[in-house]
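Asker: model the following, please.
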Amino acid sequence: MSISTEGRRKEDRLAEGSRVVLQALLIALGIQTLLFQPFSIPSGSMKATLLIGDYLFVSKYSYGYSHYSLPLSPPLFSGRIFGAEPQRGDVAVFRLPKDDSTDYVKRVIGLPGDRIQMIDGLLHINGAPVRRERVADFIDDENGGAERVRRWRETLPNGVSYESLDLQDNGFLDDTEEYLVPSGHYFMMGALN
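Answerer: Below you'll find the predicted structure:
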(Lines give C-alpha, C1' and ligand atoms only; values in the text may rest on other atoms or scores of the structure.)
Protein backbone atom coordinates (compact mmCIF):
# COMPACT_ATOMS: atom_id res chain seq x y z
CA MET A 1 0.00 0.00 0.00
CA SER A 2 1.43 3.37 -0.91
CA ILE A 3 1.70 6.36 1.36
CA SER A 4 -0.53 8.43 -0.92
CA THR A 5 -3.34 5.84 -0.76
CA GLU A 6 -3.12 5.69 3.03
CA GLY A 7 -3.12 9.51 3.24
CA ARG A 8 -6.15 9.71 0.94
CA ARG A 9 -8.07 7.24 3.14
CA LYS A 10 -7.31 9.32 6.26
CA GLU A 11 -8.53 12.45 4.46
CA ASP A 12 -11.69 10.63 3.32
CA ARG A 13 -12.40 9.46 6.89
CA LEU A 14 -11.80 12.97 8.24
CA ALA A 15 -14.09 14.48 5.60
CA GLU A 16 -16.78 11.86 6.26
CA GLY A 17 -16.51 12.41 10.03
CA SER A 18 -16.83 16.17 9.52
CA ARG A 19 -19.93 15.70 7.35
CA VAL A 20 -21.54 13.45 9.99
CA VAL A 21 -20.84 15.98 12.76
CA LEU A 22 -22.19 18.86 10.64
CA GLN A 23 -25.34 16.88 9.75
CA ALA A 24 -25.90 15.99 13.41
CA LEU A 25 -25.54 19.66 14.41
CA LEU A 26 -27.99 20.77 11.72
CA ILE A 27 -30.53 18.13 12.76
CA ALA A 28 -30.19 19.10 16.44
CA LEU A 29 -30.56 22.81 15.59
CA GLY A 30 -33.63 22.05 13.45
CA ILE A 31 -35.25 19.99 16.21
CA GLN A 32 -34.52 22.66 18.83
CA THR A 33 -35.76 25.47 16.57
CA LEU A 34 -38.93 23.84 15.26
CA LEU A 35 -39.99 21.04 17.62
CA PHE A 36 -38.60 20.82 21.18
CA GLN A 37 -36.26 22.87 23.34
CA PRO A 38 -34.69 21.86 26.65
CA PHE A 39 -35.06 24.15 29.67
CA SER A 40 -33.83 24.06 33.24
CA ILE A 41 -36.16 25.25 36.02
CA PRO A 42 -34.58 28.43 37.47
CA SER A 43 -36.77 28.99 40.56
CA GLY A 44 -39.09 27.25 42.99
CA SER A 45 -42.28 29.04 41.94
CA MET A 46 -43.75 25.79 40.54
CA LYS A 47 -42.92 23.52 43.51
CA ALA A 48 -44.04 20.68 44.00
CA THR A 49 -44.74 20.17 40.29
CA LEU A 50 -41.33 21.35 39.07
CA LEU A 51 -38.27 21.69 41.31
CA ILE A 52 -35.26 23.98 40.93
CA GLY A 53 -32.79 22.40 38.52
CA ASP A 54 -35.31 20.04 36.90
CA TYR A 55 -34.91 19.68 33.15
CA LEU A 56 -37.79 19.49 30.72
CA PHE A 57 -38.38 19.56 26.98
CA VAL A 58 -40.89 22.13 25.79
CA SER A 59 -42.96 21.67 22.64
CA LYS A 60 -42.18 24.68 20.45
CA TYR A 61 -45.09 24.17 18.04
CA SER A 62 -47.93 24.10 20.60
CA TYR A 63 -48.53 27.87 20.50
CA GLY A 64 -46.85 28.66 17.18
CA TYR A 65 -43.60 30.47 16.52
CA SER A 66 -42.29 33.96 17.18
CA HIS A 67 -38.86 35.37 16.46
CA TYR A 68 -37.94 34.20 19.98
CA SER A 69 -38.33 30.61 18.72
CA LEU A 70 -35.22 31.05 16.57
CA PRO A 71 -31.63 30.80 17.83
CA LEU A 72 -30.38 34.22 19.00
CA SER A 73 -33.93 35.64 18.55
CA PRO A 74 -33.35 37.62 15.32
CA PRO A 75 -36.26 40.02 14.68
CA LEU A 76 -37.12 38.55 11.27
CA PHE A 77 -40.87 38.94 11.78
CA SER A 78 -43.27 40.27 14.42
CA GLY A 79 -46.08 38.48 16.16
CA ARG A 80 -46.73 34.75 16.06
CA ILE A 81 -47.20 32.37 13.14
CA PHE A 82 -49.09 29.06 13.23
CA GLY A 83 -50.34 30.16 16.65
CA ALA A 84 -52.79 28.35 18.92
CA GLU A 85 -54.38 29.72 22.07
CA PRO A 86 -53.16 28.52 25.48
CA GLN A 87 -55.74 26.73 27.62
CA ARG A 88 -56.37 27.10 31.32
CA GLY A 89 -54.00 24.74 33.19
CA ASP A 90 -51.27 24.66 30.52
CA VAL A 91 -47.70 25.11 31.73
CA ALA A 92 -46.05 27.68 29.48
CA VAL A 93 -42.45 28.83 29.03
CA PHE A 94 -42.15 32.42 27.86
CA ARG A 95 -39.99 35.53 27.87
CA LEU A 96 -41.07 39.07 28.60
CA PRO A 97 -40.79 41.45 25.62
CA LYS A 98 -38.73 43.91 27.70
CA ASP A 99 -36.39 41.17 29.01
CA ASP A 100 -35.79 38.42 26.48
CA SER A 101 -32.88 36.94 28.43
CA THR A 102 -34.98 35.30 31.19
CA ASP A 103 -37.22 32.29 30.65
CA TYR A 104 -40.34 32.03 32.84
CA VAL A 105 -42.18 28.77 33.55
CA LYS A 106 -45.76 29.34 34.77
CA ARG A 107 -49.24 27.80 34.72
CA VAL A 108 -52.00 29.54 32.73
CA ILE A 109 -55.02 30.11 35.01
CA GLY A 110 -56.70 33.15 33.49
CA LEU A 111 -57.93 33.67 29.94
CA PRO A 112 -58.80 36.97 28.20
CA GLY A 113 -61.72 38.64 29.99
CA ASP A 114 -61.36 36.60 33.24
CA ARG A 115 -61.37 38.25 36.67
CA ILE A 116 -58.66 36.75 38.94
CA GLN A 117 -58.55 37.36 42.69
CA MET A 118 -57.07 35.82 45.83
CA ILE A 119 -59.43 35.98 48.81
CA ASP A 120 -58.12 34.68 52.14
CA GLY A 121 -55.54 32.58 50.29
CA LEU A 122 -58.06 30.99 47.93
CA LEU A 123 -57.93 31.57 44.18
CA HIS A 124 -61.15 32.93 42.62
CA ILE A 125 -61.78 33.00 38.87
CA ASN A 126 -64.70 35.14 37.67
CA GLY A 127 -66.04 35.40 41.23
CA ALA A 128 -66.09 31.64 41.90
CA PRO A 129 -63.57 29.94 44.18
CA VAL A 130 -61.39 27.29 42.59
CA ARG A 131 -62.08 23.84 44.05
CA ARG A 132 -59.31 23.02 46.51
CA GLU A 133 -58.69 19.86 48.52
CA ARG A 134 -55.93 19.11 51.02
CA VAL A 135 -53.39 16.40 50.10
CA ALA A 136 -50.27 15.07 51.85
CA ASP A 137 -47.70 17.66 52.88
CA PHE A 138 -44.75 18.40 50.61
CA ILE A 139 -41.38 17.80 52.27
CA ASP A 140 -38.98 20.53 51.16
CA ASP A 141 -35.43 19.37 51.90
CA GLU A 142 -33.75 21.81 49.55
CA ASN A 143 -32.06 23.94 52.25
CA GLY A 144 -30.62 21.07 54.26
CA GLY A 145 -33.54 20.67 56.70
CA ALA A 146 -36.81 18.87 56.06
CA GLU A 147 -39.56 21.50 56.07
CA ARG A 148 -43.21 20.39 55.81
CA VAL A 149 -45.31 22.57 53.53
CA ARG A 150 -49.10 22.32 53.17
CA ARG A 151 -50.06 20.97 49.76
CA TRP A 152 -53.39 21.38 47.96
CA ARG A 153 -54.93 19.96 44.81
CA GLU A 154 -56.66 22.77 42.94
CA THR A 155 -59.06 22.14 40.07
CA LEU A 156 -59.66 24.88 37.50
CA PRO A 157 -63.10 25.48 35.92
CA ASN A 158 -62.15 23.38 32.85
CA GLY A 159 -61.32 20.36 35.08
CA VAL A 160 -57.52 20.61 34.97
CA SER A 161 -56.00 19.79 38.38
CA TYR A 162 -52.57 20.59 39.76
CA GLU A 163 -50.88 20.75 43.14
CA SER A 164 -50.00 23.99 44.87
CA LEU A 165 -48.14 24.78 48.08
CA ASP A 166 -49.19 27.12 50.87
CA LEU A 167 -46.04 28.31 52.60
CA GLN A 168 -47.72 30.61 55.13
CA ASP A 169 -51.14 31.66 56.36
CA ASN A 170 -52.24 35.13 55.27
CA GLY A 171 -49.16 35.53 53.07
CA PHE A 172 -48.24 38.66 51.16
CA LEU A 173 -50.25 37.66 48.05
CA ASP A 174 -53.22 36.03 49.82
CA ASP A 175 -55.38 39.17 49.61
CA THR A 176 -54.88 41.24 46.50
CA GLU A 177 -56.92 43.51 44.32
CA GLU A 178 -59.04 41.90 41.65
CA TYR A 179 -57.18 41.51 38.36
CA LEU A 180 -58.97 41.69 35.00
CA VAL A 181 -57.15 39.79 32.26
CA PRO A 182 -57.04 42.08 29.19
CA SER A 183 -57.98 40.84 25.73
CA GLY A 184 -55.08 38.98 24.15
CA HIS A 185 -53.33 38.37 27.49
CA TYR A 186 -53.21 35.44 29.91
CA PHE A 187 -52.84 35.31 33.67
CA MET A 188 -50.11 32.94 34.79
CA MET A 189 -49.00 31.79 38.19
CA GLY A 190 -46.44 29.55 39.77
CA ALA A 191 -47.48 27.68 42.88
CA LEU A 192 -49.76 29.74 45.08
CA ASN A 193 -47.92 30.76 48.23
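
Asker: mind telling me what element the closest residue to Ile52 other than its chain neighbours is part of?
Answerer: Distance criterion Cβ to Cβ, 6 or more residues apart in numbering; nearest residue to Ile52, sequence neighbours excluded, is Gly44 at 5.2 Å. In this view, the C-beta of every residue, glycine as well, is placed from N, C-alpha and C. Applying DSSP states H and E as the criterion places Gly44 outside every helix and strand.

Asker: contacting residues for Val108?
Answerer: Contacts for Val108 (Cβ atoms under 8 Å, 6 or more residues apart in numbering) come out as Pro86, Gln87, Arg88, Gly89, Asp90, Val91, Ala92, Tyr186, Phe187, Met188.

Asker: SS state for it?
Answerer: strand (DSSP: H, G, I helix; E, B strand; the rest coil).

Asker: bridging residues for it?
Answerer: Counting by DSSP bridges, Val108 forms beta bridges with Met188.

Asker: show the pLDDT at it.
Answerer: On pLDDT, Val108 comes in at 91.

Asker: can you check the one 5 residues further on too?
Answerer: What the model reports for Gly113 is a pLDDT of 91.

Asker: and it, how many neighbours does it have?
Answerer: 11 (other Cβ atoms under 10 Å).

Asker: just flag the most distant two among the contacts of Val108.
Answerer: Farthest-apart pair in these is Val91 and Phe187; separation 13.8 Å (Cβ to Cβ).

Asker: which of the two has more residues huddled nearby?
Answerer: Neighbour count, other Cβ under 10 Å: between Val91 and Phe187, Phe187 has more, with 20 against 17.

Asker: many thanks, I have nothing further to ask.
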